[in-house]
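Q: Show me the folded form of this:
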Amino acid sequence: MNVAVSESQDDVFLQQIEVLKRHLAADPRSLRDVFVADGTRAMAWEFQQPELGAAFTGVLWNLLLKDDEMAGVVQRFLWDLPLKFKRKFIRALDEHLSGRYPMFAGLSEGWPAESYIPPYVRPPEERAADFELVNTGYLGYRALGYSLREVDLFVWLEALRDKQCEDRPCELGVLKEKIREVEAKAVGGCPVKIHIPEMLDLLGKGRIRQALELIESCNPLPNVTGRVCPQEHQCQGVCKHTKRPIEIGQLEWYLPEHEKLADPDRLARFRGITSPWERAEKPPIAVVGSGPSGLINAYLLASEGYPVTVFEAFHELGGVLRYGIPEFRLPNSLIDDVVTKIDLLGGKFVRNFVVGKSATLDDLKAAGFWKIFVGSGAGLPTFMNVPGEHLNGVMSANEFLTRVNLMRGRSPDYETPLPEVEGRHVLVIGGGNTAMDAARTAKRLGGKVTIVYRRTQAEMPCRVEELHHALEEGIVLAELKGPREFTGDPHSHFVTHAIVDVNELGEPDASGRRRPQATGEVIEMPADLVIMALGNKSNPIIPEAEPDLKLSRWGTIEVEDGQETSIPDVYTGGDAARGGSTAILAAGDGQAAARQIVGEIPFAVEEVRDRVAKALAYTETGQARQEIMEQAEIAEGIVEMTVRAPVVARAARAGQFVRVLATEDGELIPLTLADWDVTAGTIDLVIQGMGTSTKLMNRMKEGDAFAGIAGPLGRPSDIHRYGAEATVVLTAGGVGLPAIFPIAKAHLEAGNHVTMIIGFRSAGHLFWTGEEARMGRLKAEHGERLDVIYTSNDGTFGLKGFVTTPLEAMLKAGNVSNGRRIAEVVSVGPPMMMRAVSDLTKPYGVKTVVSLNSIMVDATGMCGACMVPVVQDGKAMRLHACIDGPEFDAHIVDWDKFLPRFNQFKAQEARSLESHGMR
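A: As a prediction, this is how the structure comes out:
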């Protein structure tokens, strides 16, 4: 039998409740105890009956739906009942209300240990073609027509399953004795030590707001960690409801999302907070990286009254939460919520700031920051180093997800190109969460997706839920398969197939999982796109800039005292210290570091104020608008700009480049630094309009500002002192001149003689060549220590021919130029020109350096897109232009594999030019 809730009646009980309601409304304070005593006595009588009747159940549910003082009393009454009475209540819901609430049907069977109301998951046929949330949680029931209050009660019913354990395994973990070890160690539990039992107690009593405040006191990211934390291995993994753990993650995520809907003025509690920068009572803290560890660290410190600046390498905040996790798992709005709260607490953010390049840790300390937390993430993606990995269409999951998520390449309104996916065969190599994200993203872009994993499904390290959803969405899992080679089209250089070993499981390896081993059987799998999701190695940018920073053998930053590193007052956590890990473990590290940082302040009041003032000025400099101060077309299709970028100008060195984003919907482009002025705080860029992005940049005018310029990036040129009898030959084709200009200046300032060979297509394409122009001024300054040779393809200016023409004459003359020995050759310009120079000098044994600004996305090593194939000691290897370069020994570059990469997105670029009317 089912009752209509609105029609449920029980005359005696209802009369009692109505009388109590009137008394409560008239004098709530004095009659509260009376209400509680009499109302609960009436309910207690009902619960003494063998079963709860339909009428009583309807009235009771009606009271709960009202969401008033009385509803709270009823919730607390039910929460405090012994388990046998709670079971009676659940049976009544199952029997009498499942007509209106289908999720109640069968709920009483095995409740509370085995039965529950599941969060709402959108059907696979609906979700597999869009990027909306898949698991919409309990709030997803609102899409089926249920009210927010009804959903609150679904959440309350889940909390009602709590066993109220005294040993708190979900928070603290459980102790298990390790094999062959005496000591017992905690497993599972919550890395940020959220007080889960207290949260459930508050939810059970209907106190949703207090439950949220409790969580946020230790974890300001509950709507993030509640979605992406692997609860099955943490809090839910040790839940005493072993068959059906309580949905702790979903409850955690529900609280802040409920607040958004229930309280439009939810951020009012942050109003009136005086910024810690204004109070200047505590010394400033620098946080490097805005991933999960950095965000929680910044929030907790800002809430304690510390002036905090977060330095982020990208133009958007969130780190891996934004670039790595698709929005169908973690909407960007949830990251923005955390950022907003930090901002309201007085925290500041400096985007496009790459610590280790834009500034060192010592620079931050010199700028007034007392302590530094480094949460810079993991970094370089891992590849298999098998034949064919250089082919177009083989990319890291980091690159693929960054193009889709951070750079929004899936939207036609954004410029970043994506690989061709729709209708294509996509292989995702790997079995972790990143592999699931990449596979499910490719599926939503229309791909025919297969996950290739070397072990079996049982050994996959990804979250069970993510794999389950992937298989539901039509993604194929190829178990016990391991690629040994990729083959491609010899003309297009795009991948076409994977040659795959069929494996079997052998003995366990160090991870405890059985080791995959080839059976000797080999199969071929079609592949138009291969996404490598094999984890990450540590990014070397910060370690290379900090020789005193102690590292593990894996390149991660070691901690010595809690979260403190080998450098005093520098702390770390998350993937920077752990390698590839989880968001919740990173958040736990950020929280632990914040607790260490908060402590006795060893400075007098005046010194604290001085530090705050210095750090604020430094922060404001980092936030400076990157405005175009001067702009001029210096040749057809080539524009020179002077841009305000004081952070870059201060740190720039010859040979480095910047990562440029013209507009929020643009594409990240690497551009070599042509010049810079530290005093003026400006940099000079020379941009040749080739594709859509560079042509759009060249339309920008004085007064316009870039959406983001990050740098300087890459390694500076390696400048050696050669002596007066030698010369350094620099060859440049076209816009290669601005790239070699600062390198020439650096060699000249080091005391070297320089020979510059500069090639143009014709006299109509000249720039910087007049006596009053840059080259003329450089010659006037250095006189006989600088020789300049010009060439043009058609002979209309300088020597007729290419830059290789005079260079070849020098080599044939005995590797000399005007009597000076050629110490080295540096070549920058079109890739074919650099290859020609390399091929020319190699037989003569002349050291030759080329600058390779390859295809890039993030330009900090995270994506692996700027792969440079090289051969060292007969072994094929992959290096990366943004980390190992941009300058390379030209004679080890595998040009046959490198050059085709410039055509990887040629078709997409052609379509973009056409859509903008630029063809």
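Q: any idea how far H425 is from P526?
A: 4 Å (C-beta to C-beta, to the nearest Å). In short, each C-beta sits where N, CA and C put it, glycine included.
Q: Of those two, give the one with the bigger neighbour count.
A: H425 (19 against 13; other C-beta atoms under 10 Å).
Q: Might you report the residue contacts of that one?
A: 447-448, 450, 525-529 (C-beta atoms under 8 Å, 6 or more residues apart in numbering).
Q: Buried subset of the residues you listed, written for ChimeraX?
A: Buried residues among the contacts of H425 (16 or more other C-beta atoms under 10 Å), as a ChimeraX selection:
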select :447,448,450,525,527,528,529
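Q: in the protein, what secondary structure element scores lowest on mean pLDDT?
A: Across the helices and strands of the chain, mean pLDDT, DSSP states H and E gives its lowest value to helix 11-26, namely a mean of 56.
Q: circling back to that earlier point, now the contacts of H425 as JSON lines including distance to L811?
A: Shown next, in JSON lines, are the contacts of H425 (distance: C-beta to C-beta, whole Å):
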{"residue": "G447", "distance to L811": "50"}
{"residue": "K448", "distance to L811": "52"}
{"residue": "T450", "distance to L811": "51"}
{"residue": "M525", "distance to L811": "48"}
{"residue": "P526", "distance to L811": "47"}
{"residue": "A527", "distance to L811": "44"}
{"residue": "D528", "distance to L811": "44"}
{"residue": "L529", "distance to L811": "43"}
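Q: In strands, which of the contacts of H425 fall?
A: 448, 450, 525-526, 529 (DSSP state E).
Q: Tell me how far the residue nearest the centre of the chain lies from I757.
A: Centroid-nearest residue in the chain: V320, 1.8 Å away (criterion: C-alpha atoms, centre = their mean). Computed with C-beta to C-beta, the distance linking V320 and I757 is 45 Å.
Q: Strands of the stretch 251-400 of the chain, residue ranges please.
A: 285-288, 308-311, 348-350, 371-374, 394-396 (DSSP state E, counting those that start in this stretch).
Q: Of those, which is nearest L778?
A: Of all those, strand 348-350 sits nearest to L778, with 34.2 Å by C-beta to C-beta.
Q: Report the rounded mean pLDDT for the closest one.
A: Strand 348-350 shows a mean pLDDT of 98 in the predicted model.
Q: Quick one: distance of stretch 786-799 to the chain centre.
A: Centroid separation between stretch 786-799 and its chain, computed with C-alpha atoms, centre = their mean, to the nearest Å, is 47 Å.
Q: Could you work out the end-to-end span of it for me?
A: 18 Å (C-alpha to C-alpha, to the nearest Å).
Q: Could you pull out the buried residues of it?
A: 786-792, 797-799.
Q: Just list whatever residues bridge to T450.
A: L427, V476 (DSSP bridges).
Q: Contact partners for it?
A: 425-428, 475-478, 525.
Q: Weed out the non-buried ones from the residues you listed.
A: For the contacts of T450, buried by 16+ other C-beta under 10 Å: 425-428, 475, 477-478, 525.
Q: what's around E485, how many residues?
A: By other C-beta under 10 Å, 16 other residues sit near E485.
Q: which residues touch it?
A: 386-388, 498-499.
Q: Report the secondary structure state of V788.
A: Following DSSP: H, G, I helix; E, B strand; the rest coil, V788 is assigned to strand.
Q: Please state the offset of stretch 211-218 from the chain centre?
A: That offset, for stretch 211-218, works out to 25 Å (C-alpha atoms, centre = their mean).
Q: mind listing the strands for the stretch 401-550 of the chain?
A: Counting by DSSP E, counting those that start in this stretch, the strands of the stretch 401-550 of the chain are 425-429, 448-452, 476-478, 481-488, 495-508, 514-526, 529-532.
Q: Report the rounded mean pLDDT for the longest one.
A: Here the mean pLDDT over strand 495-508 is 95, rounded to a whole number.
Q: Hey, what's the angle from that strand to strand 514-526? Just curious.
A: 160 degrees (axes from the mean of the first three to the mean of the last three C-alpha atoms, to 10 degrees).
Q: Just checking: what are the partner strands of strand 495-508?
A: Using DSSP bridges, strand 495-508 pairs in its sheet with strand 481-488 (antiparallel), strand 514-526 (antiparallel).
Q: Compare these and give me the one nearest K341.
A: strand 481-488 (44.3 Å).
Q: Now G764, what are its backbone angles?
A: Reported as degrees, to the nearest 10, the phi and psi values for G764 are phi -70, psi -10.
Q: which non-adjacent residue is nearest it?
A: Leaving aside its chain neighbours, G764 sits nearest to E636 (7.0 Å; criterion: C-beta to C-beta, 6 or more residues apart in numbering).
Q: Does that neighbour touch A763 like I think?
A: No. Using C-beta atoms under 8 Å, E636 is not in contact with A763, being 11.9 Å away.
Q: Any chance of the buried residues of stretch 786-799 in a markdown table with distance to P230 and pLDDT as columns?
A: Below are the buried residues of stretch 786-799 laid out as a markdown table (distance: C-beta to C-beta, whole Å; pLDDT from 0 to 100):
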| residue | distance to P230 | pLDDT |
| --- | --- | --- |
| L786 | 61 | 97 |
| D787 | 63 | 96 |
| V788 | 62 | 96 |
| I789 | 62 | 96 |
| Y790 | 62 | 96 |
| T791 | 61 | 96 |
| S792 | 62 | 94 |
| F797 | 64 | 94 |
| G798 | 64 | 93 |
| L799 | 65 | 94 |
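Q: Among those residues, which pair sits farthest apart?
A: L786 and S792 (20.2 Å).
Q: Counting neighbours, which bits of stretch 224-243 end up buried?
A: 224-231, 233-239, 241.
Q: Quick check: helices, which of those residues are part of them?
A: Among the buried residues of stretch 224-243, the residues falling in helices (DSSP state H) are 224-228.
Q: could you dump those residues to CSV with pLDDT and distance to N62?
A: As requested, those are exported to CSV (pLDDT from 0 to 100; distance: C-beta to C-beta, whole Å):
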residue, pLDDT, distance to N62
V224, 89, 36
T225, 88, 36
G226, 88, 31
R227, 89, 33
V228, 88, 38
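Q: re the thing from before, put together JSON lines for the strands of the stretch 401-550 of the chain, with distance to G622 on each row.
A: As requested, these are exported to JSON lines (distance: least, C-beta to C-beta, whole Å):
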{"stretch": "strand 425-429", "distance to G622": "38"}
{"stretch": "strand 448-452", "distance to G622": "41"}
{"stretch": "strand 476-478", "distance to G622": "46"}
{"stretch": "strand 481-488", "distance to G622": "42"}
{"stretch": "strand 495-508", "distance to G622": "41"}
{"stretch": "strand 514-526", "distance to G622": "48"}
{"stretch": "strand 529-532", "distance to G622": "34"}
